[in-house]
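Trainee: based on what follows, work out the 3D shape:
(chains A, B and C)
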Amino acid sequence: MIEVRDLVKRYGDTTAVDHLSFAVEPGRITGFLGPNGAGKSTTMRLILGLDRPSSGSALIDGLPYRDLRDPLRYVGALLEARAVHGGRSAFNHLLYLAQTQGVPKRRVSEVLELVGLSGVAKKRTKGFSLGMGQRLGIAAALLGDPKILILDEPVNGLDPEGVLWVRQLLKALAGEGRTIFVSSHLMNEMAVTADHLIVIGRGKLQADMPVGQFIAQFSDTAVLVRTPEAEALRAAAGERGWTVADTDLDGALIVTGSTAPEIGELAAARGLVLHELTPQRASLEEAYMELTRETGEFAHRPAPAWGGADGRA
Amino acid sequence: MSTVTDKVPVFAGLAPLPEAKGRAGFGGALRSEWTKIRSVKSTLWTLAAAIVIGVGISALGNWGQSSHTTETAVELAHKDLVQRTMFGIILGQLVMVVFGALAVTAEYSTGMIRTSLSAQPRRLNVFFAKLVIVTLVAFVVGEIISFASFFIGAHFWATKGVTLTLSTHGALQAVIGGGLYLVGAALLAFGIGAALRHTAGAITLGVALLFVINIITNFMPTSWQNDIDKWLPYNAGSQVWATQHVADVGTSFSAWSGFGVYMGYAVIALILGLWVFERRDA
Amino acid sequence: MTATTTRSFHMDAPIRRITFREALDSEFAKIRSVRSTYWTLLICVVLSVGISLLIAAVTSANWDTLSATNRATVDMSSVVAGVYFGVLVVGVLGVLVVSTEYGTGMMRTSLTAFPRRSVLFLAKAVVLTLVVLVTGIIIAFASYGVASPFYTKHGVDLSLSHGANVRALLAVPVYLALVALMGLALGFLLRHTAAAISTLVGLFFVVPIITNFLPGTLGKDLNKIVPSNAGSAMMVTHAATPGSTPTLSPIGGFVALLIWTALLIVPAFWFFRHRDA
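Mentor: Okay, the predicted model is just below:
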């Protein structure tokens, strides 16, 4: 288990991590989200003992990272896949890591086989593609059969098959009781992978809850309604204070501010015919954007429409 | 809880490891540092180049001098020919500076230092394991250079009637000292590299201390040189591979006092480097 | 139905080739924005001037102990003696201007922006030369300012109304610029920081030691033309004293140094144009 207690890191005038406290539990996949510059990488580095905190603590099973015996047997980390010496072969890169922990040599071949790099094991890493480099980083994280995995953007550069493979791998590892702490910007992937979310913004904790709860809490519920009596419905909804918006989906309406049962009952009470009543489950992406809209330091201006509708009303 | 509906893939092939035995020991660190050095071809080429250049330049210089000298064997016997045979060390030390500096700075320039330090958060282990391996490798390469240079040079001087063997007075100590001098150059650069964490800067500073400083003091008036000259790293250190201790200006140290001063500089650099390595953010 | 507007996207500017002027601007921006450039040049100036000052002060304090021949050798080249250190630093700077681009992979980005490689090469060379020339002028005149009083009070002629003295002072920025270009060339040729710096150092500091050691006239001739001795010859104003190592004349030194620079730059340019990135 990873425990972060009142963690603070300042660089000069900037506070990168601001009194952060959370716990990452075993047996599930915890997603670590936040806008760029929110302090995710800094937090991970503090957990791994690469930087010293200004105050507070980050503990692995109760111990600071530096006090762990054979840390790679406890924590497998992937921070920067590109941090390898180009002149060294993949095999030797993993071998030198293995030797620091007394991990047997055959293990190196095993993890290379697992990530699909045994064919290029003896090739110099200089020629590796982005995806291959990433897989090497994952192999390094798995080298010590660790209880805890800390991964920063693990699927960066992988093809769809690779992305799926990582997802299955992480789920299997979590199923074995390991602690998985993953940061990513791919919302859709995170939505189907993570069980629990920790969101930070401007160095502060913004959310710490299961995925489903996060989505429900931070997005508007919306219901798609198709009815031949649009005007009547609009009027009825307006009386209740709900918002009705048009879509370009063949006359459908989006009603926000209420639930499907409520709309159905209202329609029934007014004798309106409904052809479709579908709750729109918000995506993680929408929930996340909603939350970080207020806190995002590096918010983008909305892109101008280059052509065509943007898909959703 | 995981909600995988497909059968659990791939990971089935990976047998779990036995329980972690103990702390990441110094032995493991040593093995790992050796792997780092032997697994990069350019490092091996650098060391090979040191040998080829060090011995080659010695051979060239001694051949040139011996075939053109007009001095007799008796006059030559009064010169420090033993030191002259190992003349290539002057260039060899440059390659050793590169080797010593890169052993540390390459980890920083590739970003590998973060991986290495996550694996071994006890940084002293890493530093000293690296130091030990660099010392051993530099020692082997250094002694190869000094011994080979000596024997080749002795061969050339024999044609002038001067016999140089390891039992010649002071020769054995000087030849061993030649290798030790080269180790010192690597360690000096290692310390500077750890302190500066920048390849070009470390090499430049190492070169400045071993070469440039000698050139600049040439401009100083003789009386100043009398006091300062013998303290310069090259002047002090090179006494350990000389059989006669006569300086161009002023006095010189004896073999081991000079070497002590020289290693003193290396130790200062190493202490600084250790402090930076241990304290600063990766 | 929400009204959406479609906009077609087209560039108003016509596509044309990058001019040399733009390449120059880009290279200036690159060299200025790297903080280590400032530090490098600052260290270069401070140390070169500082060393010149130190030598001047010590020589002046010990003037009475110098022999007559020694005193005769004190001239403008002693005033700017610190440049022997500066040479190393600007050479390394020349290497870094190129090798760091290769090391970070930024060279590929630069070549995408400037596919005409001769333009990129020339722009780098011009920018480097200008920067180092300015630095050299600062070093020369600052050294003159702080160091010459120590010498003139013993009667050494350092007045700037003598052409030879001015020539010696101006030789400093020229020497430094040519060495920086040699470093640049080595950076392009070897594309690897440690290797290029080692070669530069070997050429400048080790080769003279070797030629000093070589016997006979061959050794002495080679010794005259090695880059460091050719360069220092440019800054000498006194006549050769008996028994000293022979050197080239100042003009000879300049020509020799030009040839050395060309020997490195020409292959570097050729290789750069024809090799893979």
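
Trainee: tell me where the stretch 151-277 of chain C is predicted with low confidence.
Mentor: The model of the stretch 151-277 of chain C has pLDDT under 70 over residues C:239-245, C:276-277.

Trainee: residue of it nearest chain A, please.
Mentor: Among the residues of the stretch 151-277 of chain C, C:His192 lies closest to chain A, at 10.6 Å counting by C-beta to the nearest C-beta. From N, CA and C alone the C-beta is placed, and that goes for glycine too.

Trainee: that residue reaches C:Ser99, doesn't it?
Mentor: Yes - applying C-beta atoms under 8 Å, one finds C:His192 in contact with C:Ser99, separated by 6.4 Å.

Trainee: these two: who's more crowded?
Mentor: Neighbours were counted for C:His192 and for C:Ser99 using other C-beta atoms under 10 Å in any protein chain shown; C:Ser99 has more, 27 against 18.

Trainee: and the host helix or strand of that one, is it in reach of chain B?
Mentor: Taking DSSP states H and E as the criterion, C:Ser99 maps to helix C:83-104. Yes - counting by C-beta under 8 Å from any C-beta of the partner chain, chain B is contacted by helix C:83-104 at C:Tyr84, C:Phe85, C:Leu88, C:Val89, C:Val92, C:Val95, C:Leu96, C:Ser99, C:Gly103.

Trainee: flag every buried residue along that helix.
Mentor: C:83-103 (16 or more other C-beta atoms under 10 Å in any protein chain shown).

Trainee: repeat for stretch C:267-277
Mentor: Those would be C:Ala268, C:Phe269, C:Phe272, for stretch C:267-277 by 16+ other C-beta under 10 Å.

Trainee: any chance you could map the helices in the chain?
Mentor: Just so you know, I chose chain A. For chain A, helices defined by DSSP state H occupy the ranges A:40-47, A:71-74, A:90-101, A:105-114, A:130-142, A:160-175, A:187-193, A:211-218, A:230-240, A:260-270, A:284-295.

Trainee: you looked at the wrong chain, it should be chain C
Mentor: Using DSSP H, helices in chain C cover C:20-33, C:35-61, C:68-72, C:76-79, C:83-104, C:106-113, C:117-152, C:163-190, C:193-201, C:207-213, C:216-225, C:227-233, C:250-274.

Trainee: keeping just the C-alphas, turn the fourth one into CSV.
Mentor: The one in question is helix C:76-79. The C-alpha coordinates for helix C:76-79 follow below in CSV (Å, rounded to 0.1, in the frame of the first residue of the first chain):
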residue,chain,number,x,y,z
MET,C,76,51.6,41.8,-25.1
SER,C,77,51.3,38.1,-25.2
SER,C,78,52.0,38.0,-21.5
VAL,C,79,49.3,40.6,-20.9
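
Trainee: please see if that helix touches chain B.
Mentor: Yes - Helix C:76-79 reaches chain B (C-beta under 8 Å from any C-beta) through C:Ser78.

Trainee: where's C:Ile197 relative to chain B, distance?
Mentor: 5 Å (C-beta to the nearest C-beta, to the nearest Å).

Trainee: what's the answer for C:Ala262, then?
Mentor: For C:Ala262 relative to chain B (C-beta to the nearest C-beta), the value is 25 Å.

Trainee: could you check how many residues crowd around that residue?
Mentor: When counting by other C-beta under 10 Å, one arrives at 14 neighbours for C:Ala262.

Trainee: quick check, central residue of chain B?
Mentor: Of all residues in chain B, the one closest to the mean position by C-alpha atoms, centre = their mean is B:Ala186, 2.5 Å from it.

Trainee: isn't that residue right up against B:Ala138?
Mentor: Yes - between B:Ala186 and B:Ala138 there is a contact under C-beta under 8 Å: 4.0 Å.

Trainee: who touches both of these two?
Mentor: B:Met96, B:Phe99, B:Gly100 (C-beta atoms under 8 Å, 6 or more residues apart in numbering or on different chains).

Trainee: so which other helices or strands are in contact with the helix or strand where the second one lies?
Mentor: Right, B:Phe99. Assigned by DSSP H and E, B:Phe99 falls within helix B:89-110. Based on contacts counted as 3 or more C-beta pairs under 8 Å, 6 or more residues apart in numbering or on different chains; DSSP states H and E, the elements that helix B:89-110 packs against are helix B:41-68, helix B:112-119, helix B:123-158, helix B:171-196, helix B:199-207, helix C:193-201, helix C:207-213.

Trainee: mind running it again at 6 Å?
Mentor: Contacting helix B:89-110 under the criterion 3 or more C-beta pairs under 6 Å, 6 or more residues apart in numbering or on different chains; DSSP states H and E are the following elements: helix B:41-68, helix B:171-196, helix B:199-207, helix C:193-201.

Trainee: pLDDT averaged over that helix - what is it?
Mentor: Taken as a whole, helix B:89-110 has a mean pLDDT of 91.

Trainee: now that helix and helix B:171-196, what's the angle there?
Mentor: Angle of helix B:89-110 versus helix B:171-196, following axes from the mean of the first three to the mean of the last three C-alpha atoms, to 10 degrees, is 30 degrees.

Trainee: dump the C-alpha coordinates for helix B:89-110 into CSV.
Mentor: This file holds the C-alpha atoms of helix B:89-110, laid out as CSV (Å, rounded to 0.1, in the frame of the first residue of the first chain):
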residue,chain,number,x,y,z
ILE,B,89,50.9,8.3,-20.3
ILE,B,90,50.6,12.0,-21.0
LEU,B,91,48.1,11.2,-23.6
GLY,B,92,46.7,8.2,-21.8
GLN,B,93,45.7,10.4,-18.9
LEU,B,94,43.4,12.3,-21.2
VAL,B,95,41.5,9.2,-22.2
MET,B,96,41.3,8.2,-18.6
VAL,B,97,39.7,11.5,-17.8
VAL,B,98,37.1,10.8,-20.4
PHE,B,99,36.5,7.3,-19.0
GLY,B,100,36.3,8.4,-15.4
ALA,B,101,34.0,11.3,-16.1
LEU,B,102,31.6,9.3,-18.4
ALA,B,103,31.2,6.6,-15.8
VAL,B,104,29.1,9.1,-13.9
THR,B,105,27.9,11.7,-16.3
ALA,B,106,26.6,9.3,-18.9
GLU,B,107,23.9,8.2,-16.4
TYR,B,108,22.8,11.8,-16.0
SER,B,109,22.8,12.6,-19.7
THR,B,110,20.7,9.6,-20.6
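
Trainee: wait, what's in contact with the residue of the stretch 51-200 of chain B found nearest chain A?
Mentor: Using C-beta to the nearest C-beta, the closest approach of the stretch 51-200 of chain B to chain A is made by B:Gly111 at 3.5 Å. By C-beta atoms under 6 Å, 6 or more residues apart in numbering or on different chains, B:Gly111 lies in contact with A:Glu80, A:Ala83.
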